[in-house]
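Novice: predicted model, plus sequence, below.
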Amino acid sequence: MEILIRTNAASVATAAADIISDYAGRGATLGLATGSTPVAMYKELITRYQRGELSFSQCQAFLLDEYIGLPRGHEQSYFATIRREFTHHVDIDDARVYSPDGTAENPDEAGAAYDEAIAAAGGIDIQVLGVGTDGHIGFNEPGSSLSSGTRMKTLHASTISDNARFFDSTSAVPVHVLTQGLGTISRAGHLMLLATGSNKAEAVAALAEGPLSAICPASILQLHPHATVIVDEAAAEQLRHADYYRFTEANKPSWQGH
Ligand code: F6R
C-alpha cells in the first residue's frame, strides 16, 4: 500500500486527478465513488477536460453503490449524483455509466447481475474509494464479509447520521443500500482511497495500520497488490508511520508509476 500525504484537501484532489487522468488516457474502466470526498477531484478532472487536456470518450464507469428505494431521478440517488457532479460535465458516454439498480424488486439478483456486468466489461481498472468514519468502503459496513459480492446491506447508525446532511432529516436517509462487495472491490486492478479531514483520521489509521478485519472493511486494502491511499495532514494525524510514508514517497524511484 502506498500512502501519499498532502497538505490539504485541494492537493489530495490534484494528486488523485493526476492518477485518474493517466487511466482516462488509456480508455480505462473507472470505478467511481460518490460522497463529499471525491467531489474536488471530479471538479479538477472537469477543468482538465474543459481545457482540452484529457478525454473520457473511451472510458466506461461503474458506481460503487446505490440507495435502495430511491428512484434514479431522485437528486440524492447516486445515479443522479455522479451525473450531476461529474459525468455530465465530461465526454463519457452516459449509457456507459453504470450503477446498481436500487429499485430492483430483487436486490440480490440485481447485485449478482451488477457483478456480472463488471466482469463482462473486463473488470474495473481503477476504483476510487472514500472511507466512512466507521471504516466502511462502498457501503460495506463493519462485519461485512471480506469476499462479498454486490448485495444489499443495512446502513450503520453512524453512516445514516453522517449522510443525513444530504437529506431533509435523518429519517429520510434510506436504511438499505446495494453496494459492490469487498470481493468485488478487491478485483479492481488498482484501488485509490481518498480521505480528508480529522474526522477520518481514526478510520485511516485503522485501515492502514490496524489488523485486517471485517470490523474495518477498508482494511482489505492491505490485501490488494496495488492500493494507493491519498490523505491530507488532518486525516493522517493518527498514522504512526507517517514519516516513513513521506520518506518513501520522497525516495520513490522515477521508474515507478502510480
Ligand atoms: C460513496 C461511498 C461511501 C463514501 C463514504 C465517505 O459512494 O461508497 O463509502 O465514500 O461514506 O463519504 P464522504 O466522502 O461523504 O465522507
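Specialist: Cool, the structure landed.

Novice: surely residue 226 and residue 193 touch.
Specialist: No: judged on CB atoms under 8 Å, residue 226 makes no contact with residue 193 at a distance of 12.0 Å. Bear in mind the C-beta positions are built from the backbone N, C-alpha and C, glycine included.

Novice: looking at these two, which is more packed in?
Specialist: More crowded of residue 226 and residue 193, by other CB atoms under 10 Å: residue 193, with 26 against 14.

Novice: and the stretch 101-250 of the chain, which residues reach the ligand?
Specialist: For the stretch 101-250 of the chain, the contact set with the ligand under CB under 6 Å from any ligand atom comprises 130, 131, 132, 136, 137, 138, 139.

Novice: other residues contacting stretch 48-55?
Specialist: 17, 21, 24, 25, 45, 56, 89, 90, 91 (CB atoms under 8 Å, 6 or more residues apart in numbering).

Novice: closest one of the residues of the stretch 101-250 of the chain next to the ligand to residue 146?
Specialist: Nearest to residue 146 among those, counting by CB to CB, is residue 137 at 11.4 Å.

Novice: in this protein, mark out all the helices, start to finish.
Specialist: 9-25, 39-50, 78-85, 107-120, 157-163, 182-186, 201-209, 242-250 (DSSP state H).

Novice: can you show me the CA trace of the longest one as CSV?
Specialist: Taking Å, rounded to 0.1, in the frame of the first residue of the first chain, the C-alpha atoms of helix 9-25 are listed here in CSV:
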residue,chain,number,x,y,z
ALA,A,9,-7.8,18.6,0.6
ALA,A,10,-7.1,20.6,-2.6
SER,A,11,-3.8,18.9,-3.1
VAL,A,12,-5.3,15.5,-2.4
ALA,A,13,-7.7,16.2,-5.2
THR,A,14,-4.9,17.2,-7.6
ALA,A,15,-2.9,14.0,-6.8
ALA,A,16,-5.9,11.9,-7.3
ALA,A,17,-6.8,13.7,-10.6
ASP,A,18,-3.3,13.1,-11.8
ILE,A,19,-3.8,9.3,-11.4
ILE,A,20,-7.3,9.2,-13.0
SER,A,21,-6.0,11.4,-15.9
ASP,A,22,-3.5,8.6,-16.7
TYR,A,23,-6.2,6.0,-16.7
ALA,A,24,-8.6,8.1,-18.7
GLY,A,25,-6.0,8.5,-21.4
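
Novice: bridged to the residue nearest the centre of the chain, which residues?
Specialist: Centroid-nearest residue in the chain, with CA atoms, centre = their mean: residue 129, separated by 1.9 Å. Here residue 129 sits in beta bridges with residue 193, going by DSSP bridges.

Novice: residues contacting the closest residue to residue 143 other than its chain neighbours?
Specialist: By the measure of CB to CB, 6 or more residues apart in numbering, the closest residue to residue 143 outside its immediate chain neighbours is residue 214, 5.4 Å from it. Taking CB under 8 Å, 6+ apart, we find residue 214 in contact with 142, 143, 144, 145, 146.

Novice: picking up where we left off before, of the residues of the stretch 101-250 of the chain next to the ligand, which is the nearest to the ligand?
Specialist: residue 130 (2.5 Å; CB to the nearest ligand atom).

Novice: got the phi and psi for the spatially closest residue to that closest one that is not a sequence neighbour?
Specialist: Closest residue to residue 130 apart from its sequence neighbours, by CB to CB, 6+ apart: residue 37 at 4.1 Å. Here is the backbone geometry of residue 37 (degrees, to the nearest 10): phi -60, psi -50.

Novice: isn't residue 37 up against residue 192?
Specialist: No: assessed by CB under 8 Å, residue 37 is found out of contact with residue 192, at 11.3 Å.

Novice: quick one: which of those two has more around it?
Specialist: Legend: neighbour count by other CB under 10 Å for residue 37 and residue 192, higher for residue 192 (27 against 24).

Novice: give me the pLDDT for the nearest residue to residue 142 once chain neighbours are set aside.
Specialist: Excluding its sequence neighbours, the residue lying closest to residue 142 (CB to CB, 6+ apart) is residue 215, at 5.0 Å. Residue 215 carries a pLDDT value of 97.
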